[in-house]
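Enquirer: Curious how this folds, go ahead:
(chains A and B)
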2 protein chains.
Amino acid sequence: MHRYNAPLKDMKFLRATLHKERTDELDMVLAQAAKFVEQELVPINHLVDQQGCQWQGGRVDLAPALQTAIKRYVQAGWMGVTQPEKWGGQALPASIGAFFGEMVSSGNPAFSMIPALTMSACKAVSGFASDAIQQQYLPKLVAGEWTGTMCMTEAHCGSDLGLITTSAAAIDDTTYAISGTKIFISAGEHQASGNIIHLVLARIKGAPAGVKGLTLFLVPKFLPGSKQINNVACIGIEEKMGIHGNPTCTMAFEGSTGFVIGRANEGIKAMFSMMNEMRLGTSLQGVGLSEVAFQYSYQYAMQRKQGKALGRSESSLDAADALIHHADVRRMLLTQKAFAEGGRALCQYCAQLLDQQEQGGATGKDAEKMLGLLTPIAKAFLTESGLESVKDAIQVHGGHGYIRESGIEQVYRDGRISTLYEGTSGIQALDLLGRKVLGDQAKTLLRFTKEIHVLCMQILLSDTCSAELKALANRLHPFAKEWPALARQVGMKALQDHAEVGAAAYDFLMYSGYVTLGFFWLKMAQTASTLESTEFSAAFLSAKLKVAAFYYDKVLPRTLSHQAAIVAGKEGVLSMAADEWVG
Amino acid sequence: MHRYNAPLKDMKFLRATLHKERTDELDMVLAQAAKFVEQELVPINHLVDQQGCQWQGGRVDLAPALQTAIKRYVQAGWMGVTQPEKWGGQALPASIGAFFGEMVSSGNPAFSMIPALTMSACKAVSGFASDAIQQQYLPKLVAGEWTGTMCMTEAHCGSDLGLITTSAAAIDDTTYAISGTKIFISAGEHQASGNIIHLVLARIKGAPAGVKGLTLFLVPKFLPGSKQINNVACIGIEEKMGIHGNPTCTMAFEGSTGFVIGRANEGIKAMFSMMNEMRLGTSLQGVGLSEVAFQYSYQYAMQRKQGKALGRSESSLDAADALIHHADVRRMLLTQKAFAEGGRALCQYCAQLLDQQEQGGATGKDAEKMLGLLTPIAKAFLTESGLESVKDAIQVHGGHGYIRESGIEQVYRDGRISTLYEGTSGIQALDLLGRKVLGDQAKTLLRFTKEIHVLCMQILLSDTCSAELKALANRLHPFAKEWPALARQVGMKALQDHAEVGAAAYDFLMYSGYVTLGFFWLKMAQTASTLESTEFSAAFLSAKLKVAAFYYDKVLPRTLSHQAAIVAGKEGVLSMAADEWVG
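Expert: Okay, the predicted model is just below:
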């Protein structure tokens, strides 16, 4: 079976492309992380899928190998690696955390959700909880002794949190009794940590309907110091397509003691600070899907011989050529590579914005806005392209890809969740076009397209850039105008009818994703053609230029069809009458 | 869970669109078939997935419910429904068989492969075997007392049959001892029929290398009259992503007695007669995927309330709108519906060609050619679009789509095989562009684009056609020129370098698929706007026009990106050097 190689060299290249400074120390941290992933997480990935989780009478047992891996991860100090030193973390920047997150999620997705959710819980607690709660919970969470969950979804509401009915009855000013049932709670119950800290969205009795009446509560499985369970129980786990190693729990709260995080009725704000973090985390999972898909496909295509490749003269002596020589297999491999490396660049850019945002001030505000624009693109586009990559990986394997033994079969099943959780692609698309573009009068979009414009002009006006690079810049440049123009066009129509936004949103998001990756591929091609460094082989650097050229030739033109669909407007989508669907 | 409704009304509509005559008798057969599928096959589909198959010491047991269903199917006389009367069949035309096949595959894909393979075996036997063998085997196969398999793939060769090493040693002129191991043999062993008839591709000792040295053999599990197994054993079954109900067997032949079917070293010809049948069968599975995806999505979208739909004024009193009111959900539903109904039309057209081909003569020859052109399009495009439909069905369900209980999770897993078996999409693409278009100097393609041209002109020059219909014809018409022009362009480049064919093939196939469905949607829209019949409600007919308009607005523009990718040529795909893939 396939062996995952953490893409450390590409991560190094991205830091050369996007960062000013680099330190050897951070290189070493990443190398250590890669070693942990390759040695501890990858080898158990298939086993954990086979063993799944056991639920019995409220108790959930993880696969033993997964439980051990969590222990080792915590012991090695990886849990709080990006958290502040005052809580016991190592205060690594988000930009390093992003690389780390991608590797963990690539190596073992069922495992990766546990640290990801724990770190999101830290985010909400450190951003919104009282000092007392921070001091009580953060050191334990950062150390990994306790783990965290996010409890939002109920049976009747997923995307629409306004419908939440879990209730909170006041005990005192900050303490409430929480009652209600939450579904789809990843790692809601297990034996791998001493305590489980649930962050629960609930409605204080008498609060307004809708999202404006929601409050975020911290509900621990065990109240600190107590050995008695805080009236919270896992009443079942789901059978699902994949991610079998991670228990998807139905959690019943029955008067559980919960502490307000942030202010009453402002829970959605605190929840969104977690959610944005999780969305960026999911975009890393999308990149990992493309990376793993590429690695599987490449390895298989190198060793599997099948058919003579058209037009390949040097193959005449063999009975069959390796798949890698077949043009259509190359098309799939290059698409995967373009999505993986282009997506990694987008994620790294987002992570840098996160670091800038943390520093506050005007730059921090700008970074926050830009991150707001790019997060739905990264979440939806990189997971959608991740699904395509894995689908194609199975295609490269032919019938063997459908067989469990191939390993890629599991990647396909595990990966399918990525366009669903933390907001479906449709939800991201509405967030992007409705809130982040039209709701902002396209100001942030224009800042981003200005970056595209500047990069293109820099290349086009340069005396030293190659004709190749200029050709790419020439092809990207028109998008700097076309993209905001499309937004404006939808915006004008939407003044008449808001439905235009919904009808255009998905195509607008996909269009945005292709252009955004076009921007990062141009940036990488520029670096590759100008970098003076002995760290990267000539082959590595020339590959960047070739994959960029492939992306511009074969993938970027997909904007054409999305543009046509955006321009077509709502009519085709909305004209069906109720009795026409099933005639 | 979802209840499948066989799309009888749409089938009736297609017969009104594409056929000259119709009989009530055939309507009744289809209604009976639908009843069998809905009552016997659909209810056990999920159970059969859960139970899978058991292999022990060479014996394979199907899920008991599946075994019973096969028995009932045979008893009710469905097995040989399209076979000649002289073998005990009912001699129904292929066009009816196609509707039937779609229903069976939609209702229970694991089941459907057993009759499909048995009928393919009949095809090879009736087309190529001696009279004696026909008389010995066909009545049993047609009655369903015996079932058939197709044994081609070996561990080292799937797409590339030329590498087959299974050998045949002569016993007499037509009898051979077959030795070798075949993998991925669907229903290669089970207890649901009295005998299993394997059609095995093997190489007679001393025969030429490559496909020109392959001969097709009939190898029964039991030689007629004998109770001893014919030295053939199932040595294992695969664990796979889906289709758990159907055992995927590794079959070991150890000097098994086999009878030549057709002539020595011409096995590939006989095999292709089965293969083409299976490819059309797989395209029906693709249509079924889109149909089932639509039905699941529609039912869920009608009952699940989530979020307020943008621009929907009449919803102001509800806390949330049903998903069906959200534009992006409608986009997915309409895409599924467009693929299902457009794909059904294409399949029906192919089935009619099959009926014409059977009748022989010049018309038969023309039909055969056209079928040759359309088969790879139908196989690859309809399964690819089927996968998209099912992916979107999960998207409509949100997180619930990932849960086994939803049912759509199984459809997604089961459906994934469709773009792989009977030739991957890449293989179909090479067959289309290389053999069926360029190898034919585009003659048959030009015959088909002439049909497009004629239909468009008929509408555009008509005094009675609506402006709506004319607008569609106006949009389709340019493709009648553009499609062969693209083929010509690739053909010219291919004169210099055959690799251009491989680099363009997949995009050319997808482009062809979108245009082909555009043609059938125009045809259906024409019928819907002119049909004088009380059999179809006004809502049914107006829906046809609306889905056609949606397809032209939102789906047909995908040709733009495929066209750009075709025109871009091989450079982007083939320039990577060996050391550049992993730098």
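Enquirer: Return the angle between stretch directions for the helix or strand where residue A:367 lies and helix B:361-397.
Expert: Using DSSP states H and E, residue A:367 falls within helix A:361-397. With axes from the mean of the first three to the mean of the last three Cα atoms, to 10 degrees defining the directions, helix A:361-397 sits at 140 degrees from helix B:361-397.
Enquirer: in helix A:361-397, what's buried?
Expert: Across helix A:361-397, burial judged by 16 or more other Cβ atoms under 10 Å in any protein chain shown covers A:367-397. Just so you know, the C-beta spots here come from the backbone N, C-alpha and C atoms, and that holds for glycine as well.
Enquirer: Just the pLDDT for the spatially closest residue to residue A:7 that is not a sequence neighbour.
Expert: Among residues not flanking residue A:7 along the chain, residue A:291 sits closest, at 6.0 Å (Cβ to Cβ, 6 or more residues apart in numbering or on different chains). Residue A:291 is assigned 98 on the pLDDT scale.
Enquirer: What about residue A:291, how many residues nearby?
Expert: Neighbours of residue A:291 under the rule other Cβ atoms under 10 Å in any protein chain shown: 28.
Enquirer: neighbours of the residue of the stretch 401-550 of chain A found nearest chain B, just the number please.
Expert: Proximity of the stretch 401-550 of chain A to chain B (Cβ to the nearest Cβ) peaks at residue A:540, 2.8 Å away. Counted with other Cβ under 10 Å, residues neighbouring residue A:540 total 18.
Enquirer: ok, now which ones touch the closest residue to it other than its chain neighbours?
Expert: Spatially, and ignoring its direct neighbours in sequence, residue A:540 is nearest to residue B:583 (2.8 Å; Cβ to Cβ, 6+ apart). Applying Cβ atoms under 8 Å, 6 or more residues apart in numbering or on different chains, we find residue B:583 in contact with A:9, A:536-537, A:539-541, A:543.
Enquirer: nearest to residue A:482, of those?
Expert: residue A:543 (28.9 Å; Cβ to Cβ).
Enquirer: Can you tell me the SS state at the closest one?
Expert: helix (DSSP: H, G, I helix; E, B strand; the rest coil).
Enquirer: what's the single longest strand in chain A?
Expert: Secondary structure of chain A per DSSP state E: the longest strand is strand A:248-261.
Enquirer: Show me which residues of the stretch 1-150 of chain A sit near chain B.
Expert: residue A:9 (Cβ under 8 Å from any Cβ of the partner chain).
Enquirer: Pick out the residue of the stretch 1-150 of chain A closest to chain B.
Expert: Counting by Cβ to the nearest Cβ, the stretch 1-150 of chain A gets nearest chain B through residue A:9, at 6.4 Å.
Enquirer: That residue and residue B:333, how far apart?
Expert: Residue A:9 sits 44 Å away from residue B:333 when distances are taken as Cβ to Cβ, to the nearest Å.
Enquirer: ok, back up a step: part of a helix, is the residue nearest to residue A:7?
Expert: Yes. Per three-state DSSP, residue A:291 lies within a helix segment.
Enquirer: so who does it touch?
Expert: A:7, A:102, A:106, A:340, A:344.
Enquirer: One more: residue A:497?
Expert: A:570, B:311.
Enquirer: ok, back up a step: model confidence at the residue of the stretch 401-550 of chain A closest to chain B, what's the number?
Expert: What the model reports as pLDDT for residue A:540 is 96.
Enquirer: Check whether it really touches residue A:12, as I assumed.
Expert: No. Between residue A:540 and residue A:12 there is no contact under Cβ atoms under 8 Å: 10.0 Å.
Enquirer: how much space between residue A:122 and residue B:193?
Expert: Where residue B:193 is concerned, residue A:122 sits at a distance of 61 Å (Cβ to Cβ).
Enquirer: okay, these two: which has more neighbours?
Expert: residue A:122 (26 against 23).
Enquirer: Go ahead and confirm that one touches residue A:142.
Expert: Yes. Using Cβ under 8 Å, residue A:122 makes contact with residue A:142 at a distance of 6.3 Å.
Enquirer: Give me the common contacts of the two.
Expert: A:80, A:83, A:87.
Enquirer: could I get the residues you listed as JSON lines with secondary structure?
Expert: Shown next, in JSON lines, are the shared contacts of residue A:122 and residue A:142 (three-state DSSP):
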{"residue": "A:80", "secondary structure": "coil"}
{"residue": "A:83", "secondary structure": "coil"}
{"residue": "A:87", "secondary structure": "helix"}
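Enquirer: returning to what we had before: quick one: what helix or strand has the residue of the stretch 1-150 of chain A closest to chain B in it?
Expert: Per DSSP H and E: helix A:8-18 holds residue A:9.
Enquirer: by contact count, what packs against that helix?
Expert: helix A:24-36, helix A:327-358, helix A:499-530, helix A:538-550 (3 or more Cβ pairs under 8 Å, 6 or more residues apart in numbering or on different chains; DSSP states H and E).
Enquirer: Point out the other helices and strands that the last one packs with.
Expert: Read it as helix A:538-550. Judged by 3+ Cβ pairs under 8 Å, 6+ apart, helix A:538-550 is in contact with helix A:8-18, helix A:327-358, helix A:467-496, helix A:499-530, helix B:571-574.
Enquirer: starting at the chain centroid, how far to it?
Expert: 25 Å (Cα atoms, centre = their mean, to the nearest Å).
Enquirer: circling back: list the buried residues for the helix holding residue A:9?
Expert: Neighbour-count burial for helix A:8-18 [16+ other Cβ under 10 Å]: A:10-18.
Enquirer: Over to stretch A:97-115?
Expert: Result for stretch A:97-115 [16+ other Cβ under 10 Å]: buried residues A:97-115.
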